[in-house]
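Participant: I'd like to go over a predicted model; first the sequence, then the structure.
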Amino acid sequence: MNIPRRSRKANFSEESTKSNESDDYEYVGFVFHQIGDLEYWADNPEDLRSYKDAAEGTWYPTHFYAVIRFGRNGAANGVYVMYDFYPEDEYLEERRKIDDNDWGYLPRALTDQQIAFAKIADKITDLRLGRTFDFAEALDYPVELVRATKTPENAIIWATVA
């Protein structure tokens, strides 16, 4: 089975100082921007029929973020959901890494697979009321998040630091 490089499990060290351009085919990774939190409708699914229902209903967190993936040229390249492996502890007011195996499951049997991140749409305009998600290109192992920056030469680079 031939797995694309971007879908292979990365071998991250405890501390890495490796820098590289995004979407480098020699290394797993991509640039993304968080557009929101993924929440789920807590009321009866049959009661969600309009945007007004959505605005007045109850929504619960899933511990996933919605993100837009960007290619080297800066163009949007899909909408993904990404699990939050470093949630904020509201009492300690700090982020702590999830270190057990009970992560990445969506509520209400939306899918029974464990997901670190998965593609849910080709473009943001595909997201609409009543749409169901396929969770394509899903990865089931923890992923490393790193900051990206633009160089004076207009290239986007990232550096991993544990």
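Facilitator: Thanks, I have it.

Participant: Buried residues, stretch 40-60. List them.
Facilitator: W41 (16 or more other CB atoms under 10 Å). For glycine as for every other residue, the C-beta is placed from the backbone atoms N, C-alpha and C.

Participant: ignore the last one, stretch 135-145
Facilitator: Quick answer for stretch 135-145 (16+ other CB under 10 Å): 135, 138-139, 142, 145.

Participant: Which parts of the chain are strands?
Facilitator: Ranges of strands within the chain are 19-21, 31-41, 59-70, 76-83, 88-89, 94-95, 117-121, 136-139, 148-150, 156-159, based on DSSP state E.

Participant: Could you dump these into a markdown table and include distance to D102 and mean pLDDT?
Facilitator: Below are the strands of the chain laid out as a markdown table (distance: least, CB to CB, whole Å; pLDDT from 0 to 100):
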| stretch | distance to D102 | mean pLDDT |
| --- | --- | --- |
| strand 19-21 | 32 | 39 |
| strand 31-41 | 17 | 87 |
| strand 59-70 | 11 | 90 |
| strand 76-83 | 12 | 91 |
| strand 88-89 | 16 | 80 |
| strand 94-95 | 18 | 82 |
| strand 117-121 | 17 | 91 |
| strand 136-139 | 17 | 84 |
| strand 148-150 | 30 | 72 |
| strand 156-159 | 29 | 67 |
